[in-house]
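K.L.:
Can you look at this prediction? I've put the sequence above it.
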Amino acid sequence: MKVTSEQAKQLLTDQLSVWESARDNYKALEAVQVKELTVEGCTVKIQFNPARIVSSAAKVDTQSLKERKCFLCAENRPEVQEGLPDGSYTWLINPFPIFPEHFTIPVNKHLPQLIEKRFGDMLRLAQAAEHYVLFYNGPKCGASAPDHAHFQAGNKGFLPLEKELKKYRRIPIRTEKSARLSQVEDYICPFFLIEAESEETAEKLFVKLYNALELKEGEPEPMMNILTWYEDGKWSSCIFPRAQHRPSCYFAEGDENILLSPASVDMGGVFITPLEKDFRKIDAEHLEKILSEVCLDREKMYEIIEKLK
């Protein structure tokens with residue numbers, strides 16, 4: 001069974017009718033505070049979302065993961081949480097939403113969060129549920145469950161990048177038949193874009209890119225975030241290579257502290273702040289510094305492009 005957008009939306013409606021705490025969080029989202037900033041000439045949003053403290057402050061070190069039950073495994077989910085089967089995955093509503101329609105899509109077995117063999121799954125999920133943007137957070141790039149493979153999905157029209165992608169300059173790197181791998185410039189941070197009309201060509205370009213990315217010692221895969229959506233017969237996949245998990249301000253003391261742990265949604269132009277002090281304080285200069293620390297600089301991007309040529 002392939003889950004469609006309509007089926008996912010019905011799951012959300014059904015779950016919110018019986019799951020009080022999730023319903024409260026979605027209701028609170030309607031009144032969430034948002035402000036806009038201009039970063040590197042791009043409009044981004046800051047969302048003050050207290051419920052996301054669960055994810056932003058998640059401990060993802062090996063010891064902490066061993067000491068807690070995996071909340072994505074079926075046997076550990078809340079009794080009220082129902083899911084929609086989708087092949088080897090299950091669609092679940094995310095009880096701590098960022099999007100008005102927000103889902104987590106875990107694989108049915110407890111397997112680590114790795115993208116290399118699952119990028120094709122991401123494409124298929126995005127095609128079947130084409131009203132949604134699919135996203136992947138690497139094990140040290142914002143995933144609060146790095147021990148359990150999963151994607152997330154949110155309704156289209158929410159992320160600034162999705163709406164404005166066409167206006168950014170592309171530098172072509174490689175082609176695979178009609179598919180194209182480019183570097184996108186003029187955005188808040190440089191990233192790679194795969195545009196393809198076939199799953200096969202998109203996967204081939206992704207494998208080439210994956211193999212060109214730096215694999216740090218002791219890490220299971222190159223650090224990255226991915227946003228993917230399907231529209232007008234074509235996939236668009238934005239791949240953000242990462243330099244590090246969290247910025248220095250995350251660990252700073254006193255007034256210097258900002259609890260912001262960037263993941264795919266932030267890369268898409270919506271930065272999540274679970275603490276009101278950070279929402280009030282954060283400005284374009286803060287975001288530029290955060291992005292300069294967690295994303296690759298243009299020199300590193302150039303080194304990857306050279307490997308791809």
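P.N.:
Arrived safely. Numbers count the residues shown, from 1 in each chain.
K.L.:
got the CA coordinates for stretch 195-211 in PDB?
P.N.:
Coordinates of the C-alpha atoms in stretch 195-211 are reproduced here as PDB (Å, rounded to 0.1, in the frame of the first residue of the first chain):
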ATOM      1  CA  GLU A 195      16.000  17.600 -10.300                       C
ATOM      2  CA  ALA A 196      14.800  14.400 -12.000                       C
ATOM      3  CA  GLU A 197      11.800  13.000 -13.800                       C
ATOM      4  CA  SER A 198      12.800   9.400 -13.000                       C
ATOM      5  CA  GLU A 199      13.600   7.700  -9.800                       C
ATOM      6  CA  GLU A 200      16.500   5.800 -11.300                       C
ATOM      7  CA  THR A 201      18.300   8.900 -12.500                       C
ATOM      8  CA  ALA A 202      17.700  10.700  -9.300                       C
ATOM      9  CA  GLU A 203      19.200   7.800  -7.300                       C
ATOM     10  CA  LYS A 204      22.200   7.600  -9.600                       C
ATOM     11  CA  LEU A 205      23.000  11.300  -9.100                       C
ATOM     12  CA  PHE A 206      22.500  11.000  -5.300                       C
ATOM     13  CA  VAL A 207      24.900   8.000  -5.100                       C
ATOM     14  CA  LYS A 208      27.500  10.100  -6.900                       C
ATOM     15  CA  LEU A 209      27.000  13.000  -4.600                       C
ATOM     16  CA  TYR A 210      26.900  10.800  -1.500                       C
ATOM     17  CA  ASN A 211      30.300   9.200  -2.400                       C
END
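K.L.:
Report the strands that pair with the helix or strand containing residue 235, each with its relative direction.
P.N.:
Per DSSP states H and E: residue 235 is located in strand 234-241. In the sheet, strand 234-241 lines up against strand 191-196 (antiparallel), strand 224-231 (antiparallel) (DSSP bridges).
K.L.:
Give me the contacts around the longest one.
P.N.:
Right, strand 224-231. 115, 119, 122-123, 126-127, 130, 132-138, 141-142, 156, 159, 161-162, 213, 235-242, 263-264, 267-268 (Cβ atoms under 8 Å, 6 or more residues apart in numbering). C-beta coordinates here come from the backbone N, C-alpha and C atoms, glycine included.
K.L.:
list the buried ones in that strand?
P.N.:
Using 16 or more other Cβ atoms under 10 Å as the test for burial, strand 224-231 gives 224-230.
K.L.:
would you turn these into JSON lines with pLDDT and distance to residue 78?
P.N.:
Shown next, in JSON lines, are those (pLDDT from 0 to 100; distance: Cβ to Cβ, whole Å):
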{"residue": "224", "pLDDT": "97", "distance to residue 78": "30"}
{"residue": "225", "pLDDT": "97", "distance to residue 78": "27"}
{"residue": "226", "pLDDT": "98", "distance to residue 78": "28"}
{"residue": "227", "pLDDT": "98", "distance to residue 78": "28"}
{"residue": "228", "pLDDT": "98", "distance to residue 78": "28"}
{"residue": "229", "pLDDT": "98", "distance to residue 78": "29"}
{"residue": "230", "pLDDT": "98", "distance to residue 78": "31"}
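K.L.:
Closest one of those residues to residue 90?
P.N.:
residue 228 (18.8 Å; Cβ to Cβ).
K.L.:
Select, out of the strands paired with strand 234-241, the one closest to residue 23.
P.N.:
Across the strands paired with strand 234-241, residue 23 has its closest neighbour in strand 224-231 (27.0 Å, Cβ to Cβ).
K.L.:
can I get the CA coordinates of the closest one in CSV?
P.N.:
C-alpha atoms of strand 224-231 as CSV (Å, rounded to 0.1, in the frame of the first residue of the first chain):
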residue,chain,number,x,y,z
MET,A,224,23.5,16.0,5.7
ASN,A,225,19.9,17.2,5.7
ILE,A,226,17.6,16.5,2.7
LEU,A,227,14.3,18.0,1.6
THR,A,228,12.4,16.3,-1.3
TRP,A,229,9.1,16.9,-3.0
TYR,A,230,7.4,15.8,-6.2
GLU,A,231,5.5,18.2,-8.5
